[in-house]
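Enquirer: model the following, please.
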Amino acid sequence: MGSAFSQKQDTNKGPRASPHSFRLREKNETQENYYQAGTSALSSNLRRCQTVELALRSAGNYTQGLLNDFTWDNFTITSQAGRCDFAAQWQEIVDQCWGATELVLRKELPDGFNALQQMCAKLSDVVRFVSPAMMVKLWRLCYRLYKTCSKMGDGDFRLLREFLRYIRELMGHHHGNHPLCLALDAISTAPGGELRDTLRVFYLITIRAMESRLGQHHSVVLNMWSNYLKYWEGDGLDSASFIQGYQALLGTSESEFGVIVESTVTVLHGFMYAAYYNLKDKALNKHLALELHSRVPQMPCLQGVPWWSVPTQGFALAAKLLATLSLEEGQIEASWSFIENAVNRLSQSVAVASEDAV
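Expert: Coordinates of the predicted model:
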């Protein structure tokens, strides 16, 4: 099995031809040659459009069909066979990708690439098993790598393309001619100028497929829309409907499961994230962040030595947002208090991890 994120150069940069890329380079080049070149480019673009369309249809149908082997309520998706749904593992991979790319962007390349290799080792384990969690998280991983390449000034997007080829290799190895391979091929060969929008349409078709089976107010669907709208088409958000969906989901979870339980806190985390990144509603954001900030310390994940989980991640984000909002309101001491409290709580796990490493 090939290794992702090697130092080799990307030799497959995808088709770059377009009618506008052809120019008369020599005075004796005829108009007929120019016309033939333009026609060839148009044919190439048409073939690519047909390929992407087929891949989109395949990805959408696969996502819908994948849920046939699972059951769900408003909050979770569960395998009928009682197998692990791998949602926690995929979330861990997303978190690790974020940390690794932060190291890369800070020019700490050896540590960053080492962390990416560790992430890929985890991927090689979970990709063996088909899971809706993969379709929920895959495009987030891709977009994070796309943004990393953009910030690094890499117009060839080599980091993302190598990741896509690695996933494609894993899927082919474990599942043969898997329907998702068409999607991975279509994205990895997209010209740089089309790559962002190609990712967008695959993410969108996946959300629509999930929504058609789970319903528009399922926790997973709302979280996918929240993440999608953070990067694309945020102006098209129906804020009132979005708020109502999260309020209804949060109220149901609180009444059925309780206030200080992981399922409720996970919904609250998603609602807070959406309020900050999508809704831009500071008052709502502060209310939700205060709720989350007060609930999570009462949960096992922050009792004694803390461990990383969705509630822990929510607590850290709530502290960050409350510190930011307090600073904007001129409450400097309150801002520092939120930061210090979070650091004191979470640093215990870092200290233990360091001792274990020694």
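
Enquirer: strands of the chain, start to end?
Expert: 70-72, 77-79 (DSSP state E).

Enquirer: and those strands, which is most packed in?
Expert: strand 77-79 (a mean of 17; mean count of other C-beta atoms under 10 Å). Every residue, glycine included, has its C-beta placed from N, CA and C.

Enquirer: reformat the strands of the chain as JSON lines; add distance to Gln96.
Expert: Formatted as JSON lines, the strands of the chain follow (distance: least, C-beta to C-beta, whole Å):
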{"stretch": "strand 70-72", "distance to Gln96": "25"}
{"stretch": "strand 77-79", "distance to Gln96": "22"}
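
Enquirer: let me know which of the ones you listed is the nearest to Pro132.
Expert: Among the strands of the chain, strand 77-79 comes nearest to Pro132, with 5.2 Å by C-beta to C-beta.

Enquirer: quick one on the thing from earlier: okay if I get the strands of the chain as JSON lines plus mean pLDDT and distance to Ala274?
Expert: Shown next, in JSON lines, are the strands of the chain (pLDDT from 0 to 100; distance: least, C-beta to C-beta, whole Å):
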{"stretch": "strand 70-72", "mean pLDDT": "87", "distance to Ala274": "20"}
{"stretch": "strand 77-79", "mean pLDDT": "83", "distance to Ala274": "20"}
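
Enquirer: between those, which one is closest to Leu54.
Expert: Smallest distance to Leu54 across the strands of the chain (C-beta to C-beta): 25.6 Å, for strand 70-72.

Enquirer: now do that closest one: which elements does it pack against?
Expert: strand 77-79 (3 or more C-beta pairs under 8 Å, 6 or more residues apart in numbering; DSSP states H and E).

Enquirer: for the strand it packs on, which strands pair with it and how are they oriented?
Expert: strand 70-72 (antiparallel) (DSSP bridges).

Enquirer: so how far is stretch 251-267 from its chain's centroid?
Expert: Offset of stretch 251-267 from its chain centre (C-alpha atoms, centre = their mean, to the nearest Å): 24 Å.

Enquirer: rewinding a little: which among the strands of the chain is found nearest to Thr252?
Expert: strand 70-72 (13.9 Å).

Enquirer: residues making contact with stretch 210-217?
Expert: 63-64, 67, 72, 74, 77, 132, 135-136, 218, 220-222, 224, 245, 248-249 (C-beta atoms under 8 Å, 6 or more residues apart in numbering).

Enquirer: for the stretch 101-250 of the chain, which segments count as helices?
Expert: Taking DSSP state H, counting those that start in this stretch to define them, one finds helices in the stretch 101-250 of the chain at 109-126, 132-152, 158-175, 180-188, 192-214, 219-231, 239-257.
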